[in-house]
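Got a predicted structure here, sequence first:
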Amino acid sequence: VVGLLFAVPAVICGHVARRALRKSERVTGDGIATAGLVFGYLATVLSLFFLMFILLAVMPLRMRSLPDRQLRTEIESFRFASADNAYTKAIEHLKQGRQEAAESLLDSACQQYPNHQRLLFAKAACARSRFWMRLSTPLMTRVKQLSPQSIEGRCASIILELDAGWDLVPNMVKLSALLDEKPNDPLLLWMVAVQCRNYNKVTNGRRFSQKGADCYRKLLEQWEVGPVLIHQTYANILAEELDLPEQALQHRRLAVQLEPAGWNYQGLANTLTALKRYDEANAAFAKSLELDPGDAHTLRVWAVSLHKQGRCEEAIAKCSMALRHDPREQRAWHVFGDVLVSLGRDEEAFAKYEKHLSIYPNDQDTRATLDAAKQATALKDDVGRRRLAALKALRVESVMGVSVYHLSSDKHITGPRTGNPLSNYVLR
């Protein structure tokens, strides 16, 4: 707009100057006047294009990011309503599956009532459900400070310790005991379920997986629809921890309806891959990248799916794209190596595994896989290949200091957690 204010008068002045020059026989400078006109027109055109871009592209995005009219009216009403009314409205939005609306309401309400513990806890719970610890941690800290002995204060205290990685099992037991005091509190149920999922993410253990699923199921019995993150994380537990992808699928589909985003379409694609519905999975991966272009994690996970489909060359292409976007994408080099091993390109695979280990030197899974691959190549026999296949297991647990790699069959291998060559492992 500022450019137009100066460009249009410049063009007018340029034309006036040229007209005066044509009438004068002694004054020169027609070329400079023409150059000034050209720059004036260019500035006008560029300013118009920029203004159109703002109106047609940026403003619609900005409007979509704002709460809708009804929600803005509710937010304005909180300036005259009580904190309890604001809390009730936010919970109602969560019940109806409108998590983003609830979060907008809580943002405004917490500004008006910065010392209301339940409002702050609700805001912290929404952030923690999205695994946004940078936002949830200071909020939980404030909740704890306001009233340490309340249910919310005690819950926040335990969550802070769990998120810091302190005494995971004792704190999970304490959190479950706290739920027993108030078993129908929806936010408490939600936070217990989230921490059950987090326990699996941190330890790869399934000790609290059923507890998390039970909490989500009970929560959805109270809430008609439920927030998107309830369905997303519930589906993660069902599909990845309890091996129930069919049950997870309905929650995946509801999650993408409630809040279409790259991350929940990726979850849908993962579950469809587990069900071997590969065409639908590939479509979901494509949709995920449409919503979140160039996401290296999605590209890497799609490569894993394509590898399972036997489409190794396409899997290699996806690995390459993932690493172009983020050379440190976790396990992308490992997946690249797995695909190359399947193609018999062992030396190239070794280089990919070693690249991964240069970034993540403590990854014992990759180190053991590399050792097994090298031994399989050296031995060139069925035993070596079986050892390598065993290491590509579905999950790993630590039992008395020993890594146990569970297979889809009744066989598994065990070995000391030292990254030693696979000759130290036992296949049984």
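Arrived safely, thanks for sending.

show me where pLDDT drops low in the stretch 301-428 of the chain?
379-428 (pLDDT under 70).

now the helices for it?
312-325, 332-342, 346-359, 364-379, 382-391 (DSSP state H, counting those that start in this stretch).

taking the ones you listed together, which one is wrapped up most tightly?
Each of the helices of the stretch 301-428 of the chain was scored by mean neighbour count; the highest is helix 332-342, a mean of 24, by mean count of other C-beta atoms under 10 Å. Every C-beta, even on glycine, is put in place using the N, C-alpha and C of the backbone.

hmm, who's touching that one?
296, 299-300, 303-304, 307, 312, 315-316, 319-320, 322-323, 326, 346, 348-350, 352-353, 355-356, 359, 363, 365-366, 369-370, 373, 388, 392 (C-beta atoms under 8 Å, 6 or more residues apart in numbering).

so the residue at minimal distance from the centre of the chain is in which element?
Centroid-nearest residue in the chain, with C-alpha atoms, centre = their mean: Trp263, separated by 5.1 Å. Trp263 is part of helix 262-274 when elements are defined by DSSP states H and E.

got the angle for whichever helix or strand comes after that helix vs helix 262-274?
Once the chain leaves helix 262-274, the next helix or strand it forms, by DSSP H and E, is helix 278-291. With axes from the mean of the first three to the mean of the last three C-alpha atoms, to 10 degrees defining the directions, helix 278-291 sits at 170 degrees from helix 262-274.

What is helix 278-291 packed up against?
With contacts taken as 3 or more C-beta pairs under 8 Å, 6 or more residues apart in numbering; DSSP states H and E, helix 278-291 sits against helix 262-274, helix 296-308.

Return the angle between stretch directions for the last one and helix 312-325.
With the same axes, to 10 degrees applied, the angle from helix 296-308 to helix 312-325 works out at 170 degrees.

Packing partners of helix 296-308?
helix 262-274, helix 278-291, helix 312-325, helix 332-342.

and the second one, how far out from the chain's middle?
On the basis of C-alpha atoms, centre = their mean, to the nearest Å, the separation between the geometric centre of helix 278-291 and that of its chain is 16 Å.

contacts for that helix?
Counting by C-beta under 8 Å, 6+ apart, residues outside helix 278-291 touching it are 260-263, 265-266, 268-270, 272-273, 295, 298-299, 301-302, 305-306, 309.

rerun that using 6 Å as the cut-off
261-262, 265-266, 268-269, 272-273, 298, 302, 305, 309 (C-beta atoms under 6 Å, 6 or more residues apart in numbering).

Which of those has the largest number of neighbours?
Trp302 (29 neighbours; other C-beta atoms under 10 Å).

Count the neighbours of the closest residue to that residue other than its chain neighbours for me.
Residue nearest to Trp302 in three dimensions, not counting chain neighbours: Phe285, with 4.4 Å by C-beta to C-beta, 6 or more residues apart in numbering. Phe285: 26 surrounding residues under other C-beta under 10 Å.

next one: Gly165
10.

How much space separates it from Lys374?
34 Å (C-beta to C-beta, to the nearest Å).

What of Ala349?
10 Å.

Please verify my assumption that Gln266 contacts Leu299.
No - in this structure Gln266 lies outside contact range of Leu299 using C-beta atoms under 6 Å: 10.1 Å.

and stretch 276-292, C-alpha only, in PDB?
The C-alpha coordinates for stretch 276-292 follow below in PDB (Å, rounded to 0.1, in the frame of the first residue of the first chain):
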ATOM      1  CA  LYS A 276      -2.400 -54.400   4.800                       C
ATOM      2  CA  ARG A 277      -4.800 -52.000   3.100                       C
ATOM      3  CA  TYR A 278      -2.000 -50.500   1.200                       C
ATOM      4  CA  ASP A 279      -3.800 -48.500  -1.400                       C
ATOM      5  CA  GLU A 280      -5.800 -46.600   1.300                       C
ATOM      6  CA  ALA A 281      -2.600 -46.200   3.300                       C
ATOM      7  CA  ASN A 282      -0.700 -44.700   0.300                       C
ATOM      8  CA  ALA A 283      -3.600 -42.300  -0.200                       C
ATOM      9  CA  ALA A 284      -3.500 -41.300   3.500                       C
ATOM     10  CA  PHE A 285       0.300 -40.700   3.300                       C
ATOM     11  CA  ALA A 286      -0.200 -38.500   0.300                       C
ATOM     12  CA  LYS A 287      -2.900 -36.500   2.100                       C
ATOM     13  CA  SER A 288      -0.600 -36.100   5.100                       C
ATOM     14  CA  LEU A 289       2.100 -34.600   2.900                       C
ATOM     15  CA  GLU A 290      -0.400 -32.400   1.200                       C
ATOM     16  CA  LEU A 291      -1.300 -30.900   4.600                       C
ATOM     17  CA  ASP A 292       2.300 -30.900   5.800                       C
END
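
The helix or strand encompassing Leu189: what's the following helix or strand?
Assigned by DSSP H and E, Leu189 falls within helix 186-203. Sequence order places helix 209-222 as the next helix or strand after helix 186-203, per DSSP H and E.
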